[in-house]
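[1] here is the input, now give the coordinates:
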Amino acid sequence: MLNFQALPDELILKILSYSEIKDLINCGQVSKRTRKISHDGTLWVAANLERKIVKTELLEMILQKGCKILNICHSAILGSLSANIKSHLRVLKISQPICKTVTATGQSCDCEENAGALEELLLSCCSLQHLQMEGVNISPKMAVSICKNGKTLQILNLNCSSFYEATVTHPYNCLQEIIKCCQELKEVDLIQLLDFVSDEDLYFLAKNMPPNVEKLDLTGLDITDSHVKILLQRCNKIKTLCLDLTLITNHSLMNIRQYLNLTLEELELGVNKDITLTDFLQLKSMPRLKILKLYTCLNNKYKDDKKLQNL
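    So this is what the prediction gives:
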């Protein structure tokens with residue numbers, strides 16, 4: 001029976017394509033031939049380091065091999081990236097780890113240290129297409145790096161993230177700058193942004209949301225009928241719209257029917273006293289609308305997910 005080393009390079013490469021990062025690194029110690037195969041660029045296109053303790057030496061190696069898809073959600077990053085490191089990342093998924101992480105060797109990483117590494121990682125990116133930052137405290141440096149990707153970024157997820165507050169001495173408004181610079185976005189997720197989002201910010205979002213956005217989630221923000229009208233007058237190509245846990249009334253449903261009549265396919269709303277069943281039923285006149293999700297909040301859990309055709 002042939003052993004692993006007797007297999008042709010193409011077959012070994014195929015086998016290694018199912019390996020995790022740590023296994024690829026270990027393969028480099030088997031033989032010079034296996035090491036060469038394990039360094040093939042196709043094996044490093046996507047790297048999943050979710051819920052790991054990641055040393056920056058490993059991160060730099062992955063980036064230098066041309067990684068395009070990187071997931072480091074809930075991971076702790078130890079060390080600092082080189083100042084001149086450049087990445088080819090197209091998809092980056094990050095989130096804040098547990099505030100204190102201790103390695104087996106006694107090394108520790110807290111949120112502040114991790115934030116510095118995330119700033120350095122974002123700084124290395126210049127052509128992101130998909131950025132997910134969930135539960136991250138977004139600093140001005142991070143915001144500037146995100147803006148640098150504004151011409152290529154198409155999907156932005158800031159679910160449950162927060163922003164450093166603008167002050168007189170530091171007037172940079174991270175949220176507003178990101179939206180202003182990223183006008184090619186097709187999908188925007190701003191679910192339950194933490195900390196206070198001012199009415200000024202909400203009007204800025206309504207007036208400056210990328211006009212070609214097709215999927216928009218504003219769940220949990222203090223969005224009113226006035227915001228919705230301004231927003232939909234600008235963004236009339238939306239296919240999926242989520243406005244659960246907002247402050248809208250039936251007036252917003254009228255504007256949704258008026259401005260999104262020919263595009264909207266899916267709508268998520270929260271049930272409240274200002275919107276009646278009759279108001280919901282009038283949405284059935286929209287020709288492309290297939291899914292209407294209605295939520296009520298009970299014990300902080302969403303209930304009642306209904307399809308439009310069942311109403």
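[2] what segments of the stretch 101-250 of the chain are helices?
    Ranges of helices in the stretch 101-250 of the chain, per DSSP state H, counting those that start in this stretch, are 111-123, 140-148, 174-181, 199-208, 225-234, 250-259.
[3] least confident of the ones you listed, on average?
    Among the helices of the stretch 101-250 of the chain, helix 111-123 has the lowest mean pLDDT, at a mean of 81.
[4] and the helices of the stretch 101-250 of the chain: which comes nearest V45?
    helix 111-123 (17.4 Å; CB to CB). The way it works is simple: take the backbone N, C-alpha and C, and place the C-beta from them, glycine included.
[5] before we move on, back to that, quick one: the helices of the stretch 101-250 of the chain as JSON lines, columns for distance to I77 too.
    Conversion of those to JSON lines gives the following (distance: least, CB to CB, whole Å):
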{"stretch": "helix 111-123", "distance to I77": "4"}
{"stretch": "helix 140-148", "distance to I77": "14"}
{"stretch": "helix 174-181", "distance to I77": "21"}
{"stretch": "helix 199-208", "distance to I77": "30"}
{"stretch": "helix 225-234", "distance to I77": "36"}
{"stretch": "helix 250-259", "distance to I77": "42"}
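[6] let me have those in JSON lines, adding mean neighbour count as columns.
    Below are the helices of the stretch 101-250 of the chain laid out as JSON lines (neighbours: other CB atoms under 10 Å):
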{"stretch": "helix 111-123", "mean neighbour count": "19"}
{"stretch": "helix 140-148", "mean neighbour count": "19"}
{"stretch": "helix 174-181", "mean neighbour count": "20"}
{"stretch": "helix 199-208", "mean neighbour count": "16"}
{"stretch": "helix 225-234", "mean neighbour count": "19"}
{"stretch": "helix 250-259", "mean neighbour count": "18"}
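[7] list the residues that contact the spatially closest residue to K141 that is not a sequence neighbour.
    Computed as CB to CB, 6 or more residues apart in numbering, the closest residue to K141 that is not its neighbour in sequence is E119, at 4.7 Å. The neighbours of E119, taking CB atoms under 8 Å, 6 or more residues apart in numbering as the test, are S139, K141, M142, S145.
[8] please enumerate residues in contact with the helix or strand hosting L59?
    L59 is part of helix 56-64 when elements are defined by DSSP states H and E. With contact meaning CB under 8 Å, 6+ apart, helix 56-64 is reached by 21, 25, 44, 47, 49, 70, 72, 77-82, 85-89, 117, 121, 124.
[9] do that again at 6 Å, thanks
    Residues outside helix 56-64 that contact it (CB atoms under 6 Å, 6 or more residues apart in numbering) are A47, G79, S80, L81, I85, S87.
[10] so the closest residue to the fourth one other than its chain neighbours versus I85, what's the distance?
    In space, L81 comes closest to E120 once its chain neighbours are excluded; the distance is 4.1 Å by CB to CB, 6+ apart. Look at E120 and I85: by CB to CB, to the nearest Å, they are 8 Å apart.
[11] repeat for L190
    30 Å.
[12] between these two, who's got more neighbours?
    More crowded of L190 and I85, by other CB atoms under 10 Å: L190, with 24 against 15.
[13] who touches the more buried one in this structure?
    L190 neighbours (CB under 6 Å, 6+ apart): L158, L218.
[14] try it again with 10 Å
    With contact taken as CB atoms under 10 Å, 6 or more residues apart in numbering, L190 is in contact with 156-161, 175, 179, 197, 205, 209, 216-221, 223, 242.
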